[in-house]
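**Q** Okay, structure incoming, though there's no sequence with it:
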């Protein structure tokens, strides 16, 4: 692991130097490193957070959550992205992918067929069209991801047909996908899935988004139809205060089982303290009684309330440090330590470098 990280850092520095002398405006090289230390106060035996957690997974260790180098090419009618990554996020979130696909954060190409309209056709491995959080920590208001984000796709592969209006207040995309967070089809699961995203900005202070997913997934060797809806609003109440309100709901059914339903509301607030510092808080409630998404083997399934608060400081334009305290409280004792517990409290620190 350390050899891999060292090689990555050397490539990261080399690419950054090359990017500074590259005169081609259509080509851009960038990089990102997010290191972290996270501590679970209940001290998990195997030094890992629960199975449904994919970011900041390791307990009581200094580690790299996500690091990548990315090359982007852009002209008026052609664009492409290739980003290769390492880190604990890649190790755990892409564990089901074939080995050749596990380093892929992005690998896509897009074409604009009509010169006068912002209509693009993109294909390949892309960031997910679902949710307001991404795998890249610096793009998220909170240090750790919500339960909502950890249990919906961070990435997808397929074809995307997308349109942006001239004044950029409306974005619409239709997706034909390989499945629910999949780079390649698996045996017996070759039918494509579909997804829709509509993002509308009625004012410069308000963003409204609806995204969905419809497709078959494999559940214990059987096909199950999953239908998932993601809604959120982002509101900039003032120059210092911003809010996100989100709600996800999903259903899933196999031919011989009754329909399972899960849903989750979340609210996030962000307050700008100074030009270089901010705080953010999150309240969330994830309800999955029938354990369609998160298996607990307990009578009431997964019903967990989460609260977190984090502080961010921008040390320089390219360096940010973050700290967060988070608590989960569940109806059943689902957190497995020396004894099962209904509660989990973690503290996490991260240092982010962007080049």
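**A** Nice, thanks for sending it over. The shown structure was predicted, so the numbers you read here are calculated from the model rather than taken from an experiment.

**Q** use CA for all of it now, contacts and neighbours both
**A** Will do.

**Q** who does residue 248 bridge with?
**A** Beta bridges link residue 248 to residue 230, residue 264, judged by DSSP bridges.

**Q** shouldn't it be in contact with residue 231?
**A** Yes - if you go by Cα atoms under 8 Å, residue 248 and residue 231 touch, sitting 6.2 Å apart.

**Q** Okay, now the unreliable bits of the stretch 1-150 of the chain?
**A** 1-25 (pLDDT under 70).

**Q** One more: the stretch 251-355 of the chain?
**A** For the stretch 251-355 of the chain, applying pLDDT under 70 flags no range at all.

**Q** Please, where are all the strands along it?
**A** Per DSSP state E, counting those that start in this stretch, the stretch 251-355 of the chain carries strands over the ranges 260-272, 277-288, 302-316, 319-330, 335-336, 340-341, 343-354.

**Q** Columns distance to residue 222 and mean neighbour count on top of the ones you listed, output as TSV?
**A** Listed next are these as TSV, based on distance: least, Cα to Cα, whole Å; neighbours: other Cα atoms under 10 Å:
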stretch	distance to residue 222	mean neighbour count
strand 260-272	15	19
strand 277-288	20	20
strand 302-316	22	19
strand 319-330	29	19
strand 335-336	28	18
strand 340-341	31	14
strand 343-354	33	19
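
**Q** Tabulate the ones you listed in JSON lines, adding columns for distance to residue 186.
**A** Output for those, formatted as JSON lines (distance: least, Cα to Cα, whole Å):
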{"stretch": "strand 260-272", "distance to residue 186": "23"}
{"stretch": "strand 277-288", "distance to residue 186": "26"}
{"stretch": "strand 302-316", "distance to residue 186": "27"}
{"stretch": "strand 319-330", "distance to residue 186": "34"}
{"stretch": "strand 335-336", "distance to residue 186": "31"}
{"stretch": "strand 340-341", "distance to residue 186": "35"}
{"stretch": "strand 343-354", "distance to residue 186": "35"}
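
**Q** so which of those strands gets nearest residue 163?
**A** strand 260-272 (28.3 Å; Cα to Cα).

**Q** Identify the residues contacting the closest one?
**A** Contacts with strand 260-272, where a contact means Cα atoms under 8 Å, 6 or more residues apart in numbering, come from 141, 148, 239-253, 278-293.

**Q** Hmm, residue 100 and residue 84 touching each other?
**A** No - checked against Cα under 8 Å, the pair residue 84 and residue 100 is beyond contact range at 11.0 Å.

**Q** Between those two, which is the more surrounded one?
**A** Remark: of residue 84 and residue 100, residue 84 carries more neighbours, 18 against 7, as counted by other Cα atoms under 10 Å.

**Q** Please, which helix or strand holds that one?
**A** strand 78-86 (DSSP states H and E).

**Q** which other helices and strands contact that strand?
**A** strand 61-74, strand 104-111 (3 or more Cα pairs under 8 Å, 6 or more residues apart in numbering; DSSP states H and E).

**Q** Kindly present the ones you listed as JSON lines, with separate columns for mean neighbour count and distance to residue 343.
**A** Shown next, in JSON lines, are the helices and strands packed on strand 78-86 (neighbours: other Cα atoms under 10 Å; distance: least, Cα to Cα, whole Å):
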{"stretch": "strand 61-74", "mean neighbour count": "20", "distance to residue 343": "21"}
{"stretch": "strand 104-111", "mean neighbour count": "20", "distance to residue 343": "33"}
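
**Q** picking that back up, in the strand holding residue 84, what's buried?
**A** By neighbour count on 16 or more other Cα atoms under 10 Å, the buried set for strand 78-86 is 78-86.

**Q** Can you name the two of the residues you listed that sit furthest apart?
**A** Across the buried residues of strand 78-86, the longest distance by Cα to Cα is 27.6 Å; it joins 78 and 86.

**Q** Just give the closest residue to the most centrally placed residue in the chain, not the sequence neighbours.
**A** Centroid-nearest residue in the chain: residue 134, 3.1 Å away (criterion: Cα atoms, centre = their mean). Nearest residue to residue 134, sequence neighbours excluded (Cα to Cα, 6 or more residues apart in numbering): residue 154, at 6.1 Å.

**Q** How about the contacts made by that neighbour?
**A** Contacts of residue 154 (Cα under 8 Å, 6+ apart): 127-128, 130, 134-135, 181.

**Q** Among these, name the ones in strands.
**A** residue 127 (DSSP state E).

**Q** Which one of the contacts of residue 154 sits in the busiest neighbourhood?
**A** Taking other Cα under 10 Å as the neighbour criterion, residue 130 ranks highest of these with 26 neighbours.
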